[in-house]
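S.K.: make a model of this:
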Amino acid sequence: MKKLLFLFDTDSYASVFDTVVAYDGGADRVTGYANVTPGNVGALVDGTIFTRGGKDKQNTAIFVGGGDMGKGEALFTAVKKKFFGPFRVSIMLDPNGSNTTAAAGVALLAKAGKLKGKKAVVLAGTGPVGMRAAALLAQAGADVTLTSRSKERADNAANAVEKRFGVKVTPLQAADDDARGRTVKDAQIVFAAGAIGCQLLKKSDWQNNPNIEMLADVNAQPPLGIEGIEATDKGKDYDGKLVFGALGIGGLKLKLHRGSIKQLFESSEGVLDAEEIYALAKDMA
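M.R.: Numbering: from 1, shown residues only. The predicted model follows:
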């Protein structure tokens with residue numbers, strides 16, 4: 001009985017990255033579909049749930065991907081609505097690697113130090129990784145501020161986090177280096193989640209800051225999100241500050257992605273979203 005993974009991608013092309021990791025995670029065959037929407041996914045789901053029966057059904061699974069978390073969440077919900085009774089298969093949500101990346105980064109921070117009661121700032125936190133990281137930090141008991149260059153985007157992201165995860169984060173406009181430097185002045189934890197090649201924090205704003213204890217940056221392409229660190233840092237000590245760079249986080253992210261794929265085939269009822277993936281990340285970290 002072959003382990004079949006069906007990749008439902010909201011983008012114009014099914015992700016090559018997600019396909020490769022799916023094979024490395026234990027799938028025997030990966031079939032990718034592009035431009036999948038809540039409106040056209042029904043027949044695809046039917047094909048997964050009405051074919052195999054009993055324990056054989058656990059050898060079929062669905063992965064929802066793409067580059068847009070909003071579209072991915074809507075598709076994820078539409079797929080789950082098609083399930084009923086025993087007619088279901090395991091499913092995972094990870095558009096643009098956001099759940100696995102955020103979970104890996106926060107899990108490494110949680111392993112390195114205490115999160116509860118700490119002030120955390122997620123820089124450029126309106127993207128899928130930033131919003132997931134902010135939510136996971138808040139669920140761990142941190143006092144989280146989420147920043148954006150736009151006040152409206154920060155407000156919308158904070159509202160979306162509260163609606164989805166039931167936790168409050170503080171939205172804050174921080175449009176330039178000086179504003180972001182002021183934002184992290186009293187923080188113990190900094191998580192940089194900006195776009196590729198976008199520096200968010202100057203070295204002078206964190207290096208001599210006595211309050212900052214841990215920093216994480218998910219941008220691997222120069223210039224990095226946090227000036228003065230290395231992408232390969234994995235808990236490196238910078239004069240008492242523990243730092244995790246994008247490649248340092250990426251090792252766990254890939255391990256976590258593969259492990260999540262493996263877990264999909266352990267039952268026909270698995271639902272892997274941010275919380276479930278984070279639980280696995282903490283075990284792996």
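
S.K.: partners of the helix or strand in which Leu146 is found, with directions?
M.R.: Per DSSP states H and E, Leu146 falls inside strand 143-148. Partners of strand 143-148 in the sheet, by DSSP bridges, are strand 119-123 (parallel), strand 170-173 (parallel).

S.K.: for that strand, which outside residues touch it?
M.R.: By Cβ atoms under 8 Å, 6 or more residues apart in numbering, the residues outside strand 143-148 that reach it are 117-126, 130-131, 134, 137-138, 154, 157-158, 161, 167, 169-174, 180, 183, 187. No exception for glycine: its C-beta is placed from N, CA and C like everyone else's.

S.K.: any buried residues in it, and which?
M.R.: Residues Asp143, Val144, Thr145, Leu146, Thr147, Ser148 are the ones in strand 143-148 that count as buried (16 or more other Cβ atoms under 10 Å).

S.K.: next one: stretch 183-197
M.R.: For stretch 183-197, the neighbour count (16+ other Cβ under 10 Å) marks Thr183, Val184, Ala187, Gln188, Ile189, Val190, Phe191, Ala192, Ala193, Gly194 as buried.

S.K.: give the contact list for the last one.
M.R.: So that's Gly194. Leu123, Ala124, Gly127, Gly130, Leu200, Asn219, Gly225.

S.K.: need the contact list for the most centrally placed residue in the chain.
M.R.: The centroid of the chain falls nearest to Asn99 when counting by Cα atoms, centre = their mean (2.3 Å). Shown in contact with Asn99 (Cβ under 8 Å, 6+ apart): Leu93, Arg132, Leu272, Asp273, Ala274, Ile277.

S.K.: excluding covalently adjacent residues, which one is nearest to Lys111?
M.R.: Closest residue to Lys111 apart from its sequence neighbours, by Cβ to Cβ, 6 or more residues apart in numbering: Ala285 at 4.6 Å.

S.K.: any idea how far the one you found lies from Gly97?
M.R.: Using Cβ to Cβ, to the nearest Å, Ala285 is found at 17 Å from Gly97.

S.K.: which one's more surrounded, those two?
M.R.: When Ala285 and Gly97 are compared for neighbours, Gly97 comes out ahead with 23 against 17, by other Cβ atoms under 10 Å.

S.K.: show me what contacts that one?
M.R.: Neighbouring residues of Gly97 by Cβ under 8 Å, 6+ apart: Phe17, Val129, Lys253, His257.

S.K.: repeat that for Ala274.
M.R.: By Cβ under 8 Å, 6+ apart, Ala274 lies in contact with Leu93, Asn99, Ala102, Ala103, Arg132, Ala135, Leu136, Phe165.
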